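Undergrad: Structure here, sequence nowhere to be found:
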């Protein structure tokens, strides 16, 4: 086809093409898309799992130069994509640290997509820039940061990286221009149960994973401050330069909270930047009952929080906050970009956030969260967070009521994660027969039940080992603000694991 | 309010809350939300611009603990947010390197938001994982990469960073573990008109902006290969280690394309990694007439392409591609994350992409682009890209027809950017009176007209200086695949700039 013909055809079809939105909205309005109605969870599958090769048979994935699709075919494709995708908003999806989305969050996300803005300048995103600024100020207040600053980024790994980069800039600003060559090694400290993004960041930022020192944890998953201090002193003794300590507020697996105040004392004593990876546990900022989990946060130089975890904001929504004033965030990350951040503009350019960011174009991630908070006020989310944590404690009780079939990893978890093993029928033996072999067999159970979960589509709970503590695979149940679970749902979870575990041979 | 009461209230209201989606859909369906119908552009404003303080008066931005909003109030808020946001899909928004979205792209984006998936594992994102893999394979084929690999990331700055990190890993894999301390300085090269993300990346990655060497460009904005080689040799002579060259395919301002083949010869001769920042110009991969702009791309070790630019995919959609085989991308970026990337899974874990990424959770950015390509085939986008470039050449002709009022920065641009000055009435003088003072005054014109544009809402075209070439502010008109402009629209653009420039005193 020649260009003029092709171009005319697209142009003339364009108004019709826009009708695809209405058809897609209709697909989204179907009951089986979100599966949010508790009355129907028994009948709705979380996923219709197919192996990759089978799925490829069902959906024609191939892209070709001249092969086009009609509106009806596109609608059918969308229908299939929805059908075979995991319904993460189904009330029985407990597989990740995120779960069902808040409808107000999703409404905000749809608007964000539709407006297709970018966060760098007030000019292109006037409303969204003000909203981002307002939200950052609100979270700074909640955290006890008097003159805080911050930026939304594309996820927790990046937000943690912001913390390391900013710490390094404060410690050795010349790195921005001359790099780290010829320096004595910079060393950062984080617990052996902290998120792997610190290891990845150490590589990317040129620090090296060997200089990302793993601090030991207690059996509850909390960083051992004695070991932290010993390792700080040790690294100084070998001529390295400690500059950064990370505390985790809500570890990925156990949901453990490090002692921020204790770490802050050490960080102050040794002149180190204290960052808190509160990607998961930052929701405690909103809590009415569990605010003490993050006691000391106001002493941290920076922290990261992903409201897309626990709180129900659609992915991605990640905040990096710092209590440093004097425009340190912008001084750290700015570069001269004359085509974008003109100073000869006709409005207050302090609303242009691009110079604080390592990104250039940046997705609008603040609005959906803001809309949620406008709808419910942050106090209500606090109650929902507390309810999610309560559910965790209630599940522990229920697990203890079935001691022959379930075993808790911790008797009491701190947050809304609950970790436990399921013991299949043929492994229920007296305690003295729980040999090393028995445990090794037990560690193979969760992956097998997980496979059953995928094929039945009735429940999704993740599993994990805990290498730092030499523990093999166990289930990690995660409670989030949404769905707002009732207690009988906890029985379903355990009953269903038992039902699926019926046939397991470990 | 106590917790039980609050939690019950949220739970009981939840099914009603989901109705907000339908109301939001209705707002999105209104004519004035997207402004895509050319018949109505004259009557629809791109933006109702307000200064920050005035906008704050109009929209109650404040978030409070106990202040909630009814569904009707939330709808009203959404209405206001849409009303005061920039309509980037309005056919007269030409302010950024992105413009109107393709309706199929937006349909895909809405589904992505609704399904709220994350790209790390096949388990959580079965369909989306296959789609990402398919799309990466397709783009690798288009680029001439036989055994290529790649990953979607949150924007071009990050995609360029992937290139630098991977180059460094290949050049000095020990950096991953031991860092760059004690190394002779690593040096990268990119032109003085390339994107500022290379400078930011050099800081973040610990290399330092001094070691991001700016190579001079010719008047057309293309990197001077003589200067590149001289600077490579110079840096070796002073004991530094050159490891990375960036070619830009489509510079931010002029839309210039560096000579990739020439740079590849140099990179090979000096043993350097060649990356191509094709964030803007990668769309030439689809072109039928302008494929030669990126001739030599298959020789680059890696490149970045943002289909959210030019092509009309909603933000964010950014690809990092590499021709390196042997799983180098994964070996570079992997970390042990036992809770997520189990090897004891019940499906082929090669579809788990998380170990290739520096991120953990990762937004689904592939699906919306895939849906577009399924709808139209990539050949049609090629025609649209060619049409956008043709529009650029036609605008140049029209600018030349008004020589007293407009002045081109380049007589012929290479891509769909067209840069020009507007000359206000009182500055139209004989050529010999175009003194340095005259030029200095001329440079103040674009910002003043830009202000008029914002307040009139009739047209948005960006402006920029070009410091590397000592040029002050000029307009940068950007053509994109959407809207599919007709030629009379070009007259509107120039007429409107003249109309708005009427009152300007330079």
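TA: Happy to help now that I have it. All values derive from a computational prediction rather than experimental measurement. Numbering: from 1, shown residues only, chains lettered A, B, ... in the order given.

Undergrad: need the residues of the stretch 401-506 of chain A near chain B, please.
TA: Listed as neighbours of chain B in the stretch 401-506 of chain A under the rule CB under 8 Å from any CB of the partner chain: A:444, A:447, A:450-451, A:454, A:462-467, A:473, A:476, A:482, A:484, A:486. In short, each C-beta sits where N, CA and C put it, glycine included.

Undergrad: ok, 6 Å please
TA: Proximity of the stretch 401-506 of chain A to chain B is confined to A:447, A:451, A:464, A:465, A:467, A:484 under the rule CB under 6 Å from any CB of the partner chain.

Undergrad: quick one: secondary structure of the third one?
TA: Applying DSSP: H, G, I helix; E, B strand; the rest coil to residue A:464 yields a three-state assignment of strand.

Undergrad: for the spatially most central residue of chain A, what are its contacts?
TA: What sits nearest the mean C-alpha location of chain A, by CA atoms, centre = their mean, is residue A:309, with 4.8 Å. Applying CB atoms under 6 Å, 6 or more residues apart in numbering or on different chains to residue A:309 gives the contacts A:97, A:98, A:280.

Undergrad: Look up the closest residue to residue A:419, ignoring the ones flanking it.
TA: Once flanking residues are discounted, residue A:419 sits nearest to residue A:409: 3.8 Å by CB to CB, 6 or more residues apart in numbering or on different chains.

Undergrad: whoops, residue A:254 was the one
TA: Residue A:254 sits nearest to residue A:221 (CB to CB, 6+ apart), 3.8 Å away.

Undergrad: From residue B:5, how far off is that neighbour?
TA: 33 Å (CB to CB, to the nearest Å).

Undergrad: which of these two has more neighbours?
TA: residue A:221 (29 against 10; other CB atoms under 10 Å in any protein chain shown).

Undergrad: Tell me how far the more buried one lies from residue A:295.
TA: 17 Å.

Undergrad: Also residue A:167?
TA: Distance, residue A:167 to residue A:295, using CB to CB: 22 Å.

Undergrad: And these two? Which one has more around it.
TA: Shown here are residue A:167 and residue A:295; by other CB under 10 Å, residue A:167 has more neighbours (25 against 13).

Undergrad: hang on, isn't that one packed against residue A:272?
TA: No. Between residue A:167 and residue A:272 there is no contact under CB atoms under 6 Å: 7.9 Å.

Undergrad: Give me the common contacts of those two.
TA: Common neighbours of residue A:167 and residue A:272 (CB under 6 Å, 6+ apart) are residue A:243.

Undergrad: Tell me where chain A has strands.
TA: For chain A, the strands defined by DSSP state E cover A:93-94, A:149-153, A:186-191, A:212-215, A:241-248, A:273-277, A:302-305, A:318-322, A:406-408, A:417-422, A:460-466, A:471-478.

Undergrad: Next, count neighbours for residue A:326.
TA: 9.

Undergrad: thinking again about what came up before, skipping its backbone neighbours, what lies nearest the residue nearest to the centre of chain A in space?
TA: Nearest in space to residue A:309, with sequence neighbours left out and distances taken as CB to CB, 6+ apart, is residue A:97 at 4.4 Å.

Undergrad: neighbours around the one you found, how many?
TA: Using other CB under 10 Å, residue A:97 is surrounded by 25 other residues.

Undergrad: how close does it get to residue B:462?
TA: 40 Å.

Undergrad: Tell me how confident the model is about stretch A:4-22, as a mean pLDDT.
TA: For stretch A:4-22, mean pLDDT rounds to 97.

Undergrad: Distance from it to the middle of the chain?
TA: 38 Å (CA atoms, centre = their mean, to the nearest Å).

Undergrad: Mind listing what's buried along that stretch?
TA: A:6, A:7, A:9, A:10, A:11, A:14, A:17, A:18, A:20, A:21 (16 or more other CB atoms under 10 Å in any protein chain shown).

Undergrad: same thing with stretch A:230-242?
TA: So, applying 16+ other CB under 10 Å, buried residues of stretch A:230-242: A:231, A:232, A:235, A:240, A:241, A:242.

Undergrad: does any bit of that stretch sit next to chain B?
TA: No. Using CB under 6 Å from any CB, stretch A:230-242 stays clear of chain B, coming no nearer than 8.7 Å.

Undergrad: neighbouring contacts of that stretch?
TA: Under the contact criterion CB under 6 Å, 6+ apart, stretch A:230-242 has outside partners A:184, A:185, A:186, A:187, A:213, A:270, A:272.

Undergrad: Closest one to residue B:305 out of those, please.
TA: Proximity of the contacts of stretch A:230-242 to residue B:305 (CB to CB) peaks at residue A:186, which lies at 33.8 Å.

Undergrad: what bridges to that closest one?
TA: residue A:241 (DSSP bridges).
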